[in-house]
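Participant: Task: produce atomic coordinates for the following.
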Amino acid sequence: MRSERQVLGYLWASDAENAASFEPRDVGDDDVYKEGLKWLDRLRSAYDRGLGPSQALAELADLSEDDEPGTCDLASLRELTSED
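Facilitator: The predicted structure follows:
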């Protein structure tokens with residue numbers, strides 16, 4: 001997940017482990033922490049509705065452009081993280 005300035009962290013999912021979470025890139029940053037809580041709430045909501053981990057991630061990836069932070073593809077992620 002990213003903001004306009006930086007990569008905030010990473011959403012991951014494992015259907016085999018029935019788990020999904022947000023891993024912050026910088027745990028000492030308050031903005032990253034707050035955004036991480038939002039994504040964890042979204043994952044919890046998906047779980048409460050009976051979605052599996054990969055289904056939840058697919059749903060979250062379809063959030064509109066108005067929902068910050070946004071998603072990015074792997075090539076873009078590599079480019080963003082190399083700039084930090």
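Participant: In the longest helix along the chain, which residues are buried?
Facilitator: In the chain, assigned by DSSP state H, the helix with the most residues is helix 30-48. Buried residues in helix 30-48, counted by 16 or more other CB atoms under 10 Å: 32, 35-36, 39, 42-43, 46-47. To be clear about C-beta, it is placed using only N, CA and C from the backbone, and glycine gets the same treatment.
Participant: Quick one: list the elements packing against that helix.
Facilitator: strand 9-14, strand 19-24, helix 53-61 (3 or more CB pairs under 8 Å, 6 or more residues apart in numbering; DSSP states H and E).
Participant: what mean pLDDT does it have?
Facilitator: Averaged over helix 30-48, pLDDT sits at 86.
Participant: is it true that F22 touches V32?
Facilitator: No: at 9.6 Å, F22 does not count as touching V32 under the criterion of CB atoms under 8 Å.
Participant: any common contacting residues for those two?
Facilitator: G9 (CB atoms under 8 Å, 6 or more residues apart in numbering).
Participant: on that earlier part again, mind putting the helices and strands packed on helix 30-48 into CSV with mean pLDDT?
Facilitator: As requested, the helices and strands packed on helix 30-48 are exported to CSV (pLDDT from 0 to 100):
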stretch, mean pLDDT
strand 9-14, 84
strand 19-24, 87
helix 53-61, 87
